[in-house]
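>>> dropping a prediction and its sequence here:
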Amino acid sequence: MELSQRIKNITPSQTLAITAKSRDLKAQGVDVISLSAGEPDFNTPDEIIEKTYEALKAGQTKYTSASGITELKEAIIEKMKRDNGLDYELSEVFVGTGAKHVLYNLFQATLDPGDEVLIPTPYWVSYTEQVKLAEGNPVIMETDESTSFKITPEIIDRHVTDRTRMLLLNSPSNPSGMVYTEEELRSLAEYLEKTDIVVVADEIYETLVYDHPHISIASFSDKMKSNTLIVNGVSKSHSMTGWRIGYVCGDSDVVKGMTALSSHSTSNPATPSQWAALAAYNMDPSYLEEYNRTFKERRDKAYENLMEIPYIDCIKPEGAFYLFPNFAECARQCGFDGVDAFVEAVLEEVHVAAVPGSGFGSPDNIRLSYSLSIEDMTEALDRIRKFVEQHS
Ligand code: PLP
């Protein structure tokens, strides 16, 4: 059957494709180590599972308001005040089926055909496709190691036109692992405050920071707050990717529009999952500290092992659970025509799955997730090093 132009126009998620390919190899009995995971490798904490079971037994199995239950919105408001110093009303919170769905709804609710959305590279794969699905134009702002994969006011200024509506800011970043510092954000805020550009701040990795704290750009001034839509959720912070709960905090008209859209598409996010997210926010935050200690240790070990691979270059990431090394020279030295071909050969020959940077708009890089045990990660990086030594 003929597909719509809208669907023909988008590229399927490359990260999900690689995960599927390595799962297929594993199913055939191949000893694949995957460095492609986009989720924490621990189970959701027992306390959350138990609280959800109690909620289910108490009858929380029915439809809720399309934008989510008040109890969860109140917990989100409390979290935003405590962690980000930001005050929101109930009318400024929308809860959706994961941050991905929230972003999709957000673009659908705000973009008109031809509106431009500034997206820095390397970008999370869904931003560009979601903007296109809303008939907007993604405007790509390239960054690389020279600015630590971060944008500056000068970079933004070079891309602004009279059609610019939005700017995507993802810190901590998937895939680069970079976290904007307070100073860097202040200089962006000083520039953006003079414009009407709406900042979509994707803060889904907020809790996963290892060297300096996460700060929300919305917290710099009232103007920044009113021009920022913060997207967040419990997927990465509480290892709840399968529960599908994300949210946005910001302009109440946008929240109203997103609610109207949801009321005709998904309705509310799954009711048990909303109660699970509420349990997550009611948990003692010391759980998160322990979780971060584990990831920090993995990050340090992974970085140390990675740097033993010849011909590569990598900025030490400060957050999320990814390394984003530059393999352009290494791929060349190994005789490959580009990093994509190198990644494919590594999967086929030494059975290590990683995600090529081309899907994130940075074709010289590879995303390596360290959301796995130190033993497996060490073995995987060892296999890549030996592969390089043999081919170069
Ligand atoms: N934003 C970024 C940068 C992500 O990496 C992801 C998930 O991989 C999401 C949003 C979506 O998260 P969720 O599981 O809440 O849909």
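On my side now, so go ahead.

>>> let's verify residue 66: helix, strand, or coil?
Following DSSP: H, G, I helix; E, B strand; the rest coil, residue 66 is assigned to coil.

>>> pretty sure it contacts residue 271?
No. Residue 66 is beyond contact range of residue 271, at 11.9 Å (criterion: C-beta atoms under 8 Å). Backbone N, C-alpha and C define where each C-beta goes, glycine included.

>>> nearest residue to whichever residue of the chain sits closest to the ligand other than its sequence neighbours?
As assessed by C-beta to the nearest ligand atom, the ligand sits closest to residue 98 within the chain, at 2.9 Å. Of all residues not flanking residue 98 in the chain, residue 244 sits nearest, at 4.2 Å (C-beta to C-beta, 6 or more residues apart in numbering).

>>> do the same with residue 282
Nearest residue to residue 282 in three dimensions, chain neighbours excluded: residue 75, at 6.7 Å (C-beta to C-beta, 6+ apart).

>>> wait, what's in contact with that neighbour?
When contacts are counted by C-beta atoms under 8 Å, 6 or more residues apart in numbering, residue 75 touches 277-278, 281-282.

>>> and the next element down the chain from the helix or strand it falls within?
Residue 75 belongs to helix 70-84 when assigned by DSSP states H and E. Going down the chain from helix 70-84, the next helix or strand is strand 93-96, by DSSP H and E.

>>> which residues in the stretch 151-300 of the chain form helices?
With DSSP state H, counting those that start in this stretch as the criterion, the stretch 151-300 of the chain has helices at 153-159, 182-192, 222-226, 252-263, 271-282, 286-306.

>>> deepest in the core, which of these is it.
helix 271-282 (a mean of 22; mean count of other C-beta atoms under 10 Å).

>>> quick one: contacts of it?
44-45, 47-49, 51-52, 55-56, 60-64, 68-69, 71-72, 75-76, 78-79, 95, 233-234, 237-238, 240, 243-245, 268.

>>> quick check: which of those residues are also close to the ligand?
residue 233 (C-beta under 6 Å from any ligand atom).

>>> show me which of the contacts of helix 271-282 are buried.
44-45, 48, 51-52, 55, 60, 64, 68-69, 71-72, 75-76, 79, 95, 233-234, 237-238, 240, 243-245, 268 (16 or more other C-beta atoms under 10 Å).

>>> was I right about residue 379 contacting residue 32?
No. Using C-beta under 8 Å as the test, residue 379 is too far from residue 32 to be in contact (11.4 Å).

>>> what's the burial count for the closest residue to residue 197 other than its chain neighbours?
Excluding the flanking residues, the one nearest residue 197 by C-beta to C-beta, 6+ apart is residue 167, at 5.2 Å. For residue 167, the neighbour count with other C-beta atoms under 10 Å is 27.

>>> my guess is residue 167 contacts residue 156, does it?
Yes. At 6.7 Å, residue 167 and residue 156 qualify as touching, with contact defined as C-beta under 8 Å.

>>> overlap of the contact sets of those two?
The contact lists of residue 167 and residue 156 share 118, 192, where a contact means C-beta under 8 Å, 6+ apart.

>>> mean pLDDT added to the helices of the stretch 151-300 of the chain, as TSV?
Output for these, formatted as TSV (pLDDT from 0 to 100):
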stretch	mean pLDDT
helix 153-159	98
helix 182-192	98
helix 222-226	97
helix 252-263	98
helix 271-282	98
helix 286-306	95
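
>>> Serialize those helices to JSON lines and add fields for distance to the ligand.
Formatted as JSON lines, these follow (distance: least, C-beta to the nearest ligand atom, whole Å):
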{"stretch": "helix 153-159", "distance to the ligand": "19"}
{"stretch": "helix 182-192", "distance to the ligand": "17"}
{"stretch": "helix 222-226", "distance to the ligand": "20"}
{"stretch": "helix 252-263", "distance to the ligand": "15"}
{"stretch": "helix 271-282", "distance to the ligand": "10"}
{"stretch": "helix 286-306", "distance to the ligand": "15"}
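
>>> in CSV, list the ones you listed along with distance to residue 25.
CSV is the format used below for these (distance: least, C-beta to C-beta, whole Å):
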stretch, distance to residue 25
helix 153-159, 39
helix 182-192, 40
helix 222-226, 46
helix 252-263, 38
helix 271-282, 31
helix 286-306, 22
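
>>> how about the strands in the stretch 101-250 of the chain?
Applying DSSP state E, counting those that start in this stretch to the stretch 101-250 of the chain gives strands spanning 116-120, 137-141, 164-170, 198-202, 228-233, 246-249.

>>> mind putting those in a markdown table, mean pLDDT included?
Formatted as a markdown table, the strands of the stretch 101-250 of the chain follow (pLDDT from 0 to 100):
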| stretch | mean pLDDT |
| --- | --- |
| strand 116-120 | 98 |
| strand 137-141 | 98 |
| strand 164-170 | 98 |
| strand 198-202 | 98 |
| strand 228-233 | 98 |
| strand 246-249 | 98 |
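
>>> and those strands as JSON lines, adding distance to residue 357?
Listed next are these as JSON lines, based on distance: least, C-beta to C-beta, whole Å:
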{"stretch": "strand 116-120", "distance to residue 357": "14"}
{"stretch": "strand 137-141", "distance to residue 357": "14"}
{"stretch": "strand 164-170", "distance to residue 357": "15"}
{"stretch": "strand 198-202", "distance to residue 357": "18"}
{"stretch": "strand 228-233", "distance to residue 357": "23"}
{"stretch": "strand 246-249", "distance to residue 357": "25"}
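
>>> do you know which of the ones you listed lies nearest residue 286?
Minimum separation from residue 286 across those (C-beta to C-beta) falls at strand 228-233, 20.1 Å.
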